[in-house]
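>>> model this:
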Amino acid sequence: MTIISWIILGLLAGAIAKFLLPGRDPGGFIGTTLIGIAGAFIGGWISARWMDHPITKDFYDGTTWAAAIGGSLVLLVAYRLLFGNSRS
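Prediction:
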């Protein structure tokens, strides 16, 4: 996959993570989108590095999507824990 497809995957993974974990986010839509993109990269890296599942070149691979959504969920929870109380 190219960098553009990872960004698109990250956008979609961030939206899915937001859907799975509803509530107020300190960063709003832009913050959630950036978290999704970063989560896709981190999830893919963890999947390839430590779970012995190399990332395929197929955009529709279920494991790649699961890694991206999982990475986005982890980053979204961490972001809420760190910055969640700064907005009332």
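>>> Could you use CA atoms for every contact and neighbour count after this?
Noted.
>>> Excluding residues flanking it in the chain, which one is nearest the residue nearest in space to the middle of the chain?
Nearest to the mean C-alpha position of the chain, by Cα atoms, centre = their mean, lies residue 72 at 2.4 Å. Closest residue in space to residue 72, ignoring its immediate chain neighbours: residue 39 at 4.0 Å, by Cα to Cα, 6 or more residues apart in numbering.
>>> separation between the one you found and residue 63?
14 Å (Cα to Cα, to the nearest Å).
>>> Same question for residue 21.
Distance from residue 21 to residue 63, by Cα to Cα: 20 Å.
>>> same deal with residue 69?
Taking Cα to Cα, one finds residue 69 at 10 Å from residue 63.
>>> okay, those two: which has more neighbours?
residue 69 (28 against 15; other Cα atoms under 10 Å).
>>> For the helix or strand containing the more buried one, buried residues please.
Taking DSSP states H and E as the criterion, residue 69 maps to helix 62-83. Of the residues in helix 62-83, 64-76, 79-80 count as buried by neighbour count, 16 or more other Cα atoms under 10 Å.
>>> what's the answer for stretch 7-17, then?
7, 9, 10, 11, 12, 13, 14, 15, 16, 17.
>>> For it, what does the pLDDT average out to?
For stretch 7-17, the mean per-residue pLDDT is 83.
>>> Check the offset of it from the chain's centre.
In terms of Cα atoms, centre = their mean, to the nearest Å, the centre of stretch 7-17 is found 6 Å from the chain centre.
>>> what residues are up against residue 69?
13, 14, 16, 17, 36, 39, 40, 43 (Cα atoms under 8 Å, 6 or more residues apart in numbering).
>>> distance of the residue nearest to residue 72 from residue 8?
12 Å.
>>> Also residue 37?
From residue 37 over to residue 8 (counting by Cα to Cα), the distance is 8 Å.
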